[in-house]
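A.B. asks: Kindly return the folded structure for what I paste below:
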Amino acid sequence: MANHKSSVKRIRQTATRRLHNRYYAKTMRNAVRKLRATTDKAAAVELLPKVQKMLDKLAKTNIIHKNKAANIKSSLMLHINKLG
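C.D. replies: Coordinates of the predicted model:
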């Protein structure tokens, strides 16, 4: 167990942040999965801005890396362009 009050507090803060970050990362993954599963182009085009906004916010707060966000957005654009 930690010996200092500050380290106990740091452990609490880290656990809270970890749960918060896991929730938003999982929500993002589910949104990306839903968009990739879409076969209707109109529905996919409608979903895309929401998913892009989510990715940008997570990259800005360092929950995911900015290059990962860019790679996911790029692959989603390719997916939508392939839809007929």
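
A.B. asks: SS state for the residue nearest the centre of the chain?
C.D. replies: For the chain, the residue sitting closest to the mean C-alpha position, by CA atoms, centre = their mean, is M28 at 3.6 Å. On the three-state scheme (DSSP: H, G, I helix; E, B strand; the rest coil), M28 is labelled helix.

A.B. asks: quick one: contacts for V45?
C.D. replies: Contact partners of V45, counting by CB atoms under 8 Å, 6 or more residues apart in numbering, are I80. For every residue, glycine as well, the C-beta is placed using N, CA and C.

A.B. asks: can you give me how far the helix or strand harbouring it is from the chain middle?
C.D. replies: Assigned by DSSP states H and E, V45 belongs to helix 41-60. Here helix 41-60 is found 10 Å from its chain centre; the criterion is CA atoms, centre = their mean, to the nearest Å.

A.B. asks: what's the next secondary structure element after that helix?
C.D. replies: Next along from helix 41-60, by DSSP H and E: helix 66-82.

A.B. asks: looking just at contacts, which helices and strands does that next one meet?
C.D. replies: helix 5-37, helix 41-60 (3 or more CB pairs under 8 Å, 6 or more residues apart in numbering; DSSP states H and E).

A.B. asks: Now the residue nearest to the centre of the chain: closest residue in space that isn't a chain neighbour?
C.D. replies: Among residues not flanking M28 along the chain, M54 sits closest, at 5.3 Å (CB to CB, 6 or more residues apart in numbering).

A.B. asks: Could I get the pLDDT score of the one you found?
C.D. replies: Looking at M54, its pLDDT is 97.

A.B. asks: That one contacts R29, doesn't it?
C.D. replies: No: at 10.2 Å, M54 does not count as touching R29 under the criterion of CB atoms under 8 Å.

A.B. asks: Could you check which of these two has the larger neighbour count?
C.D. replies: It is M54, of M54 and R29, that has more neighbours when counted by other CB atoms under 10 Å, with 17 against 12.

A.B. asks: Quick one: residues contacting that one.
C.D. replies: With CB under 8 Å, 6+ apart, M54 has these contacts: T27, M28, A31.

A.B. asks: repeat for K68
C.D. replies: Contacts of K68 were listed using CB under 8 Å, 6+ apart, and they are A59.
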